[in-house]
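In: Take this sequence and fold it.
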Amino acid sequence: MEHTPHTAPPAPHTVGDVMTQAVVAIGQDARFKKIVETMQQWKVSALPVLAGEGRVVGVVSEADLLPKEEFRTADPSRREQLERLDDVRKAGAVTAGELMSAPALTVHAGDTLAQAARTMAYKSVKRLPVVDDEGMLRGIVSRSDLLKVFLRADADLAAEVRAEIVDRLFAGSAQQVTVRVEDGVVTLRGPLPRTSLLPVAARLVRAVEGVVDVAFEDTTPTPASR
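Out: Numbering: from 1, shown residues only. Predicted coordinates:
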């Protein structure tokens, strides 16, 4: 039975690697107009709401503010009141504590980018407060932050794929395998006789953050060409 060497995927980047530490936040008593002004000033679509010395208790987003404009000139019908109780309530709210979505949807600095991306996708949010174990605000991570890994230089990706994957997985023929990266697409070229390793190699290479895709060019001579 052919033995497949054990090679662990490269350690993933974490939220702490890409988050923004300088965060604009508001208190529970912040009033509606101040919330709008703060969003406009800092060009953000949501703000963490803090209690005490910095514990995140909620988030106010543009979506939380819009009901006030939506219902400004017309009272909601009885049906709307029943179907959109939360929006109707927010239309009459004045402070961040009344407007915020709570409890806050948060992540930790040690969470992987994949975990943060899944949370954003499932909950349809654009940014997440980053908190410590006590719920204290430590940063903010946005969708654009999660995409920063794709800005890694091709040379850096090639070096990581070479050192962490090729040199370990293709131990006997690693020196004959070249690693080329162009626009994040990794191509492994060389004699790849152990085809059972290719799915493993593909999985490991795609796990390198910043890699867009992986391809193989097998230069092993065919029997007819030998």
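
In: Spatially, and excluding backbone neighbours, which residue is closest to residue 117.
Out: residue 146 (5.3 Å; C-beta to C-beta, 6 or more residues apart in numbering). Bear in mind the C-beta positions are built from the backbone N, C-alpha and C, glycine included.

In: again with residue 135
Out: Once flanking residues are discounted, residue 135 sits nearest to residue 55: 4.7 Å by C-beta to C-beta, 6+ apart.

In: Phi first, then psi, for the one you found.
Out: With angles defined as degrees, to the nearest 10, residue 55 sits at phi -80, psi 130.

In: Same question for residue 112.
Out: Dihedral pair for residue 112: phi -80, psi 160, per degrees, to the nearest 10.

In: which of the residues in the helix or strand that the residue nearest to residue 117 is a member of are buried?
Out: For residue 146, the host element (DSSP states H and E) is helix 143-146. Under the neighbour-count criterion of 16 or more other C-beta atoms under 10 Å, helix 143-146 has 145, 146 buried.

In: again, but for stretch 86-94
Out: Buried residues in stretch 86-94, counted by 16+ other C-beta under 10 Å: 87, 88, 90, 91, 93.

In: Could you do stretch 178-193 as well?
Out: 179, 181, 184, 186, 187, 188, 190, 192.

In: Now tabulate those residues in JSON lines and tack on distance to residue 166, pLDDT and secondary structure.
Out: As requested, those are arranged in JSON lines below (distance: C-beta to C-beta, whole Å; pLDDT from 0 to 100; DSSP: H, G, I helix; E, B strand; the rest coil):
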{"residue": "179", "distance to residue 166": "6", "pLDDT": "96", "secondary structure": "strand"}
{"residue": "181", "distance to residue 166": "12", "pLDDT": "97", "secondary structure": "strand"}
{"residue": "184", "distance to residue 166": "17", "pLDDT": "96", "secondary structure": "coil"}
{"residue": "186", "distance to residue 166": "10", "pLDDT": "97", "secondary structure": "strand"}
{"residue": "187", "distance to residue 166": "12", "pLDDT": "97", "secondary structure": "strand"}
{"residue": "188", "distance to residue 166": "7", "pLDDT": "95", "secondary structure": "strand"}
{"residue": "190", "distance to residue 166": "9", "pLDDT": "90", "secondary structure": "strand"}
{"residue": "192", "distance to residue 166": "11", "pLDDT": "79", "secondary structure": "coil"}
